[in-house]
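>>> Build me a model from this:
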Amino acid sequence: MLRYDVARPATELRLHAGFGLGAHRSPGWRLGLVGACEAVQAVLRACPRLRLAPGYTPEWKPLDSLHCLTALHVCG
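Numbering: from 1, shown residues only. Below is the predicted model of the structure:
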């Protein structure tokens, strides 16, 4: 079974099957981006009262060319 570990060390970031960057970008990267946007929009439509949890400040984990959330606490 494969598991996604958000806390994996930066030294292992190159050992993934991501979309790549620059000339080495996967042809399907845009499809993945569109799918992710559609998924977020569907959740927000289904849960219109969804908000960040009171007192929660998102924490970002910097990567080589982008940033990702370490967690996202919501309520609604």
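>>> measure residue 51 to residue 60 for me?
According to CB to CB, to the nearest Å, residue 51 and residue 60 sit 19 Å apart. Placement of C-beta: from N, CA and C, glycine included.
>>> typo on my end, it should be residue 45
For residue 45 relative to residue 60 (CB to CB), the value is 25 Å.
>>> cool, residue 70 as well?
7 Å.
>>> now do residue 47
Using CB to CB, one gets 23 Å for the distance from residue 47 to residue 60.
>>> Provide a complete list of residue ranges assigned to helices in the protein.
Shown for the chain, the helices assigned by DSSP state H span residues 29-46.
>>> And the strands in it?
For the chain, the strands defined by DSSP state E occupy 51-52, 60-62, 67-69, 74-75.
>>> among the ones you listed, where is the model least confident on average?
When the strands of the chain are ranked by mean pLDDT, strand 67-69 comes last with a mean of 78.
>>> now the strands of the chain in a markdown table, with mean neighbour count and distance to residue 31?
Below are those laid out as a markdown table (neighbours: other CB atoms under 10 Å; distance: least, CB to CB, whole Å):
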| stretch | mean neighbour count | distance to residue 31 |
| --- | --- | --- |
| strand 51-52 | 12 | 29 |
| strand 60-62 | 11 | 24 |
| strand 67-69 | 9 | 19 |
| strand 74-75 | 10 | 26 |
